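Engineer: no sequence on hand, only this structure:
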């Protein structure tokens, strides 16, 4: 896969504040990359740097092999979609779609053709003569996507495009975006703080924190093999259970519980004993009949039960540690009873307690 | 029966309310409020009333001393005299000369100052450069220095530039002095426009001027009206600069008015003075009446975000 976007040693600081630090990232041709992180992690800043809306302090950005570090946004071959839609209120939908093309002095019949094609793809043909004020949120966001579409560019940049929509519409547009990507096969860089959007849309996810990429990988890697404690904690809802203990000769000990890490793939062979943290996802804990086959069995004390329809979330105590378990929606568990649970160490994650990196 | 009642209720709701709108009776509190308002309205309207009736009376009637009495014999003679015959020094062509001077000062001053200030405000809010905040702060300091302090330096500057005593010089002074407040207005207004709109336009390949003319201008009519009104009234009502930087032939209407009213020779023609004052005030008044609604909207829009 050739690289569509290459970012080399990118630095950005506002005065003394370093927003991005020595950031390197390669985005493949036709890839859907999601920049994921909580607010203030630098994900939107990075996107603005790629778009050319922010001047970088140091480093280089290449798009399609061309150094665009100092190029104007319009010269980079990108289209961008914003959270607030950012449609020009005094222009019609058609005016909004064709504004960029007029600036680029594209011939009139070509503009007509491209606008018609974008309108067809996004099913907004009936809205072309309306002003943005007369559109619903979902329609506005379609027009905003259309504005990127008509530019006929290789790279689409999305800055939290679905955050202003209500929950149901967000799911619908998410599916449409994925379909659009399958259809167009453009490179897409998508910023969000919503991990569901990230998991569902991405070919690869870059989890960011403090201006650095904590982990870059497929949704599967991010979910199953988080590289450090931050990623492990950030991804997954409800989030991972963490128990603080020690790794001693291949077994994890916490209080009087011993968990031999049978089947766990260590990142590097472990020789020395060390303080460690084990992370177990609530949905990877088994109960009932399945416990029989589980490598490790424990008794948990049920503290609180939250039935959520599709699932039942159980807040339990494992020894003295609070422990969340995700069970089937039909599970009948009562507060105060003891629940036998099974854990598979091969699906758990182990982290060094000092460096917080995956072991 | 009970069943049919519950069925009927939603139908009645769907039909909407019927009958006349219930009237609120004038309460005691309301009478107090409106009474007070009325008293104050009269208090403020009374001088205007006196001016109007006096300007329509002849001198013999004025000498009777009943200033509140309506004119027994309506005459427009004082208005004509104020406009075209009243003397100031050796010129005896009334306010008409001042009016045309004022117009010649007003139009270029307003156009240039609003145009420059809008671009200033746009640049300072959207295209921030290194030191733009400092630049803006310095500009703001200018708004708080009393004009009188700067009179003499300006006289020297204009003299050196060869503009002293000319309309061009006065226009220049008005443009410069209108800059701080109008730049502030425009900057705050543009700052309230979402930044993403600006970014989208840049991605769409629009440059500094294209964004200004095609995106920002169509959205900023209210603030333009505010700026226009501030400038028109400010420049029209200016006395200090007009008196300081021009000569008798080029005096604006306000200075001319002052000279007519304060001339010491002969009888005090109160009716002519009143007519002259009303004539001078007509331009700003007209502007307010025509664009009052937009003015309030623009002030509110500019004030939301600072």
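Structural biologist: Yep, that arrived. Note that the structure is predicted; figures quoted are calculated from it, not measured.
Engineer: and the closest residue to residue A:227 other than its chain neighbours, which of the three is it?
Structural biologist: What sits nearest to residue A:227 in space, not counting adjacent residues and going by Cβ to Cβ, 6 or more residues apart in numbering or on different chains, is residue A:215, at 4.3 Å. Yep, even glycine has a C-beta here, placed from its N, CA and C like the rest. With DSSP: H, G, I helix; E, B strand; the rest coil as the basis, residue A:215 sits in strand.
Engineer: skip the chain neighbours and tell me the closest residue to residue 239.
Structural biologist: Going with chain A. residue A:233 (5.6 Å).
Engineer: actually it's chain B I care about, not the one you picked
Structural biologist: Per Cβ to Cβ, 6+ apart, closest to residue B:239 is residue B:254, 4.6 Å.
Engineer: C-terminal to the helix or strand containing that neighbour, what's the next element?
Structural biologist: Per DSSP states H and E, residue B:254 falls inside helix B:253-261. With elements assigned by DSSP H and E, the helix or strand that comes after helix B:253-261 is helix B:270-304.
Engineer: circling back: quick check: the residue nearest to residue A:227 vs residue A:138, distance?
Structural biologist: Distance, residue A:215 to residue A:138, by Cβ to Cβ, to the nearest Å: 32 Å.
Engineer: these two: which has the busier surroundings?
Structural biologist: residue A:215 (22 against 17; other Cβ atoms under 10 Å in any protein chain shown).
Engineer: can you tell me how far that one sits from residue B:158?
Structural biologist: 68 Å.
Engineer: then residue A:310?
Structural biologist: Taking Cβ to Cβ, one finds residue A:310 at 81 Å from residue B:158.
Engineer: likewise residue B:67?
Structural biologist: Distance from residue B:67 to residue B:158, by Cβ to Cβ: 43 Å.
Engineer: please, where are all the helices along the stretch 1-150 of chain A?
Structural biologist: A:43-51, A:93-103, A:108-122, A:137-149 (DSSP state H, counting those that start in this stretch).
Engineer: which residue lies nearest the spatial centre of chain A?
Structural biologist: residue A:198 (3.1 Å; Cα atoms, centre = their mean).
Engineer: kindly report the residues of the stretch 101-250 of chain A close to chain B.
Structural biologist: A:103-104, A:144, A:147, A:151, A:159 (Cβ under 8 Å from any Cβ of the partner chain).
Engineer: rerun at 7 Å
Structural biologist: Counting by Cβ under 7 Å from any Cβ of the partner chain, the positions of the stretch 101-250 of chain A adjacent to chain B are A:103-104.
Engineer: where does the stretch 101-250 of chain A get nearest to chain B, which residue?
Structural biologist: residue A:103 (3.9 Å; Cβ to the nearest Cβ).
Engineer: quick one: contacts for the closest residue to residue A:31 other than its chain neighbours?
Structural biologist: Leaving out its chain neighbours, the residue that sits closest to residue A:31 by Cβ to Cβ, 6+ apart is residue A:203, at 4.9 Å. With contact set as Cβ atoms under 7 Å, 6 or more residues apart in numbering or on different chains, residue A:203 has these partners: A:31-33, A:218.
Engineer: can you list the buried residues in the helix or strand hosting residue A:313?
Structural biologist: Per DSSP H and E: residue A:313 is located in strand A:311-318. Neighbour counts over strand A:311-318 (16 or more other Cβ atoms under 10 Å in any protein chain shown) mark A:311-316, A:318 as buried.
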